[in-house]
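*Asks:* Okay, sequence plus prediction incoming.
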Amino acid sequence: MSWLFLLAAGALEIVWAYALKQSAGFTRLTPSLITLTAMIGSFGLLALAMRTLPLGTAYTIWTGIGAVGAFVVGIVVLGEAASPLRVAAACLIVAGLVLMKVSSSA
């Protein structure tokens, strides 16, 4: 169950990162409210996951999901550049996440 909490927390991190971009520095109400709500949900789910998962594993995977997810949203939704080096960097992050999961005993 902790891994499901962690995946959901990571997904909400992607949501708040995107909404934060859309909020234009908290000058737009709806995206600002989505940002704050998703942040609270993400932190809450991360806290639940950390009840049984090691700190290093949970935090690394949470931030990795958010980083790679925001990268993908930036490319697919916002039209940001997908240069080979940026894609390689994202692949390295994913490889690190897989290794962190495999090495976790929880």
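*Replies:* Looks like it came in fine. Numbers count the residues shown, from 1 in each chain.
*Asks:* Would you mind naming the helix or strand containing G79?
*Replies:* For G79, there is no enclosing helix or strand under DSSP states H and E.
*Asks:* if I look at it, how far off is A47?
*Replies:* Distance of G79 to A47, computed by C-beta to C-beta, to the nearest Å: 35 Å. Quick note: C-beta positions are derived from backbone N, CA and C, even for glycine.
*Asks:* what about the strands in the protein?
*Replies:* With DSSP state E as the criterion, the chain has no strands.
*Asks:* So which residue of the protein lies furthest out from the middle?
*Replies:* T27 (23.0 Å; C-alpha atoms, centre = their mean).
*Asks:* which strands and helices sit next to the helix or strand bottoming out on mean pLDDT in the chain?
*Replies:* Least confident helix or strand of the chain, by mean pLDDT, DSSP states H and E, is helix 84-103 with a mean of 92. The helices and strands touching helix 84-103, judged by 3 or more C-beta pairs under 8 Å, 6 or more residues apart in numbering; DSSP states H and E, are helix 55-76.
*Asks:* re earlier: give me the angle between the least confident helix or strand of the chain and helix 55-76.
*Replies:* Helix 84-103 runs at 150 degrees relative to helix 55-76, counting by axes from the mean of the first three to the mean of the last three C-alpha atoms, to 10 degrees.
*Asks:* any residues touching helix 84-103, and which ones?
*Replies:* 56-57, 60-61, 64-65, 67-68, 71-72 (C-beta atoms under 8 Å, 6 or more residues apart in numbering).
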